[in-house]
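>>> sequence unavailable; structure follows:
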Ligand SMILES: [Zn+2]
C-alpha cells in the first residue's frame, strides 16, 4: 500500500469512526468500521490484510475524543455526514411529542390495556411501541392490564394472554406489572356500591329499545329516582346472578339532557349469561362495561397518561362523570388516529384473522400471509424494526399508514451485517456443466463486507441448477457467482443433452474468462446450486409457499438464524419438516 492510498484509507476510516461514535454515543469499533469501509471502497479490498492496521490507530484516536471534539472533526472532514446525523436526531425527536404536563408527575405511569380476544395483529403493536418508548424516555412505569370483562362478544381467548405478553417481549419491552381485570371484579363491585351510595347510579330494567328512545328524547326512565337502598338490593341481586342477560343493568346517572346522547346515563354493569372462559372468573354474571372498569382501574393504578383511539373520545367523557362522583383527578389523555397497513390481502382485524384460521385459509397466527406480530416474528423481522416504524408514525389524531417497506428497511439495517449470504434457486432448471479444466467447487464469500468470515464451499459435479430467467440465450455467457464463467450451448448443438438430463435441453461450458468478463463485457452474475448436493427448501412467503433448492451450507443453521438468499432476499431458517427445510421470507 503506498502512502497516498494509506492516507485515503485513514481519512475514510476516520469519517466512519466519527459518524458511528456520534450516532451511537459509543467508542468506535474496528470491526464495525471495516464493513462499510470495504463496502464503499472496493479498491481497498485487495489490501484487506493491511487495512485493519491503518484503521485501529484511527479508532483509538477517536475513542480519546469527547463528543464536541468528534462533532467538530466530522464537520471538518465530512459536513454532509454531520448534517445527516443532525437530521436523524431531529426526525427522532419529532416523532413522539413530549407527554403533556409530564413535569407535574413524580413518575410517568402508562398502561397497555389489551383485550385478550386474540393474539396481536400488527396494528396492536403501536400501543406497546409508543408506550414502551415513552417509558424509556421518561424512566416511567408500564402496566399491562388485560381488559377481559366481556365474556361474550369479545370473548377472551385463553392462549392470547401469554401470546400478548410474548409479543410485548418480542418488541423489547417488559411491563412493570401485569393484571387481569377479570381478577378484580370485587373491586369494581365495591366501587359500584360506593357510586350507588353517592346517588350516582341506578339499576334499570327498561328494555334496551325503550330506554334508547327515551334517551333520544332526553327523557328520564322511571327507575332513575329509585331510592339508593333499592338500587343497592337490585345491584347485589345482579352480582348474585339473579337476573338474566338484558333483564337489569346498572346505569351511571349523568345528565339525561346532555347534548351528546352517548353520554346520557350510560351502562356501567350488565348481565352476561355466558360464563367467562377463565375458570377463576366463570361464576360472575354481572360484568362491568369497559368504560367503568378501565376508568376505575386507571385511577387505582395511578395512571398519569392514557393514549387511546380518536374514536374513543366519548370514553373519557363518560369516565369523567364517574371520576367526578369519586372526586378523582382524570389522567392526561392523548387521542390518536387509526393505523392502516399496506401489503396484506388479509384484513388487519382479530376476528377476520381468527375466522380465516378456523376455515383453514391461514395456517395459524404466524402464517406469513397474516398481518400479525407472530407472523413477522417468524419471518425473522426483529421487534425493534416494528417499534421504530411505529414510533416514526407519531401520535397524531389523523389516520396513518404503516408501510411495510419501512419495517423492512429498519430490519435490513439490523440484520444485514450478521446475515450470511446463501444461494437459493427457485424452480431451478438443471443444466449439465462441461469443461475439463473447470474448478470442482465455487467459493463465494459468506458476507461481502466481512472477508474475515471466509468463503462458502459449493461443489460442482456434473450439473447445476439455475433460475429459469437466468439461463442465458444460446451462445451467451453467464457468471456463476463464486465459481466462474460459462457459456450456454443449446441442445441442437450438442448431442449429450438430448438424453433428457438437462431441463433446458442444453449445457453450460466452462470458458475460463476472468472477472473482466463481468466488468467489461457485462456478463450477468447469477446465483446457482449444485444439481445433486443441495437442500430442498420450502420458502413460506406472503404470497404463499415457494419451492426451491439451497446450497448445501444452508443445512447448517439453527432456527431463528437469518440469511440473505442472494438476489432473492432475507429469510429466517425455521427448521425441517418431512425432509424439507423450511424458511420464512422476510423482505428483499
Ligand atoms: Zn329504566
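Noted; the coordinates are in hand. Predicted model, so just to flag it, every value in this text is computed and none were measured. Residues are numbered from 1 along each chain as shown.
>>> now do the phi/psi pair for residue 571.
For residue 571, the backbone dihedrals (degrees, to the nearest 10) come out as phi -150, psi 150.
>>> give the contact list for the nearest residue to it once chain neighbours are set aside.
Counting by Cβ to Cβ, 6 or more residues apart in numbering, residue 571 lies nearest to residue 583, which is 4.4 Å off, once chain neighbours are set aside. C-beta: built from backbone N, CA, C; applies to glycine. Shown in contact with residue 583 (Cβ atoms under 8 Å, 6 or more residues apart in numbering): 424, 537-540, 550, 571-574.
>>> any idea what residue 583 is bridged to?
residue 539, residue 573 (DSSP bridges).
>>> residues touching residue 453, list them.
420, 445-447.
>>> of those, which are in range of the ion?
Contacts with the ion are made by none of those, judged by Cβ under 5 Å from the ion.
>>> list just the nearest of these to the ion.
Of all those, residue 420 has the smallest distance to the ion: 69.1 Å, by Cβ to the ion.
>>> contact partners for the residue nearest the centre of the chain?
With distances taken as Cα atoms, centre = their mean, the residue of the chain nearest its centroid is residue 386 (3.4 Å). Listed by Cβ under 8 Å, 6+ apart, the contact set of residue 386 reads 122, 125, 129, 171, 373, 376, 407, 410.
>>> and the protein, which residues reach the ion?
Within the chain, the residues that sit near the ion (Cβ under 5 Å from the ion) are 204, 206, 221, 223.
>>> looking at those residues, which is nearest residue 53?
Nearest to residue 53 among the residues of the chain next to the ion is residue 204, at 83.6 Å by Cβ to Cβ.
>>> sec struct for the closest residue to the closest one other than its chain neighbours, please.
Nearest residue to residue 204 in three dimensions, chain neighbours excluded: residue 223, at 4.4 Å (Cβ to Cβ, 6+ apart). Put simply, residue 223 is coil when judged by DSSP: H, G, I helix; E, B strand; the rest coil.
>>> near residue 223, how many other residues are there?
For residue 223, the neighbour count with other Cβ atoms under 10 Å is 19.
>>> shaky segments in the stretch 351-500 of the chain?
By pLDDT under 70, the low-scoring segments of the stretch 351-500 of the chain are 492-500.
>>> any chance you could list what contacts the host helix or strand of residue 313?
Using DSSP states H and E, residue 313 falls within helix 313-326. Helix 313-326 has contacts (Cβ under 8 Å, 6+ apart) with 191, 194-195, 198, 200, 252, 254, 260, 262-263, 266, 268, 290-292, 294-296, 298-299, 306, 308, 329-330, 333, 335.
>>> longest helix in the chain, by number of residues?
When the chain is parsed with DSSP state H, its longest helix is helix 3-24.
>>> how about that helix: buried residues?
For helix 3-24, burial by neighbour count (16 or more other Cβ atoms under 10 Å) applies to 5, 8-9, 12-22.
>>> turn the residues you listed into TSV, columns for pLDDT and distance to residue 284.
As requested, these are exported to TSV (pLDDT from 0 to 100; distance: Cβ to Cβ, whole Å):
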residue	pLDDT	distance to residue 284
5	89	77
8	90	74
9	91	72
12	90	68
13	91	67
14	92	67
15	91	65
16	89	62
17	90	62
18	90	62
19	88	59
20	84	57
21	83	58
22	84	57
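>>> quick revisit: let me see the contact set for the residue nearest to residue 204.
For residue 223, counting by Cβ under 8 Å, 6+ apart, the contacting residues are 202-206.
>>> just residue 210 next, same as before
Shown in contact with residue 210 (Cβ under 8 Å, 6+ apart): residue 221.
>>> any idea which helix or strand carries it?
Assigned by DSSP H and E, residue 210 falls within helix 208-216.
>>> what residues of that helix count as buried?
211, 214-215.
>>> out of the residues you listed, flag the one nearest to the ion.
residue 211 (5.7 Å).
>>> if I read this right, the closest one contacts residue 221, doesn't it?
Yes - if you go by Cβ atoms under 8 Å, residue 211 and residue 221 touch, sitting 5.9 Å apart.
>>> which stretches of the chain have low pLDDT?
Applying pLDDT under 70 to the chain flags residues 89-94, 492-504.
>>> could you list the domains of it?
Per automatic domain parsing, the structural domains of the chain span 3-95, 185-288, 419-587.
>>> quick one: the longest one to chain centroid distance?
This means domain 419-587. Taking Cα atoms, centre = their mean, to the nearest Å, the mean C-alpha location of domain 419-587 is offset from the chain mean by 31 Å.
>>> now do that domain: distance from first to last residue.
13 Å (Cα to Cα, to the nearest Å).
>>> swap in the shortest one?
End-to-end distance for domain 3-95: 46 Å, by Cα to Cα.
>>> in the stretch 251-400 of the chain, what residue is nearest the ion?
Distance from the ion to each residue of the stretch 251-400 of the chain (Cβ to the ion) is smallest for residue 251, at 7.5 Å.
>>> mind listing the residues bridging to that residue?
residue 202, residue 267.
>>> my guess is it meets residue 208, correct?
No - Residue 251 is beyond contact range of residue 208, at 11.7 Å (criterion: Cβ under 8 Å).
>>> all helices of the stretch 51-200 of the chain, in order?
Using DSSP state H, counting those that start in this stretch, the helices of the stretch 51-200 of the chain run over 51-63, 67-77, 79-95, 126-138, 160-170, 185-197.
>>> the stretch 201-350 of the chain too?
208-216, 228-239, 290-300, 313-326, 350-358.
>>> who touches residue 255 in this structure?
263-264.
>>> thinking again about what came up before, and of the contacts of residue 223, the nearest to residue 276?
Comparing these against residue 276 with Cβ to Cβ places residue 203 closest, at 21.9 Å.
>>> go ahead and confirm the closest one touches residue 249.
Yes - in this structure, residue 203 is within contact of residue 249 by Cβ under 8 Å, at 7.2 Å.
>>> before we move on, the earlier item: the residues of the chain next to the ion into TSV, with extra columns for distance to residue 69?
Listed next are these as TSV, based on distance: Cβ to Cβ, whole Å:
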residue	distance to residue 69
204	72
206	75
221	75
223	75
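>>> generate a ChimeraX selection restricted to the buried entries among the residues you listed.
Buried members of the residues of the chain next to the ion, defined by 16+ other Cβ under 10 Å, are picked up in ChimeraX with:
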select :204,206,221,223
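>>> select, from the residues of the chain next to the ion, the two members most distant in space.
206 and 223 (6.8 Å).
>>> contact partners for residue 349?
residue 121.
>>> please enumerate the helices of the stretch 351-500 of the chain.
373-378, 383-392, 404-415.
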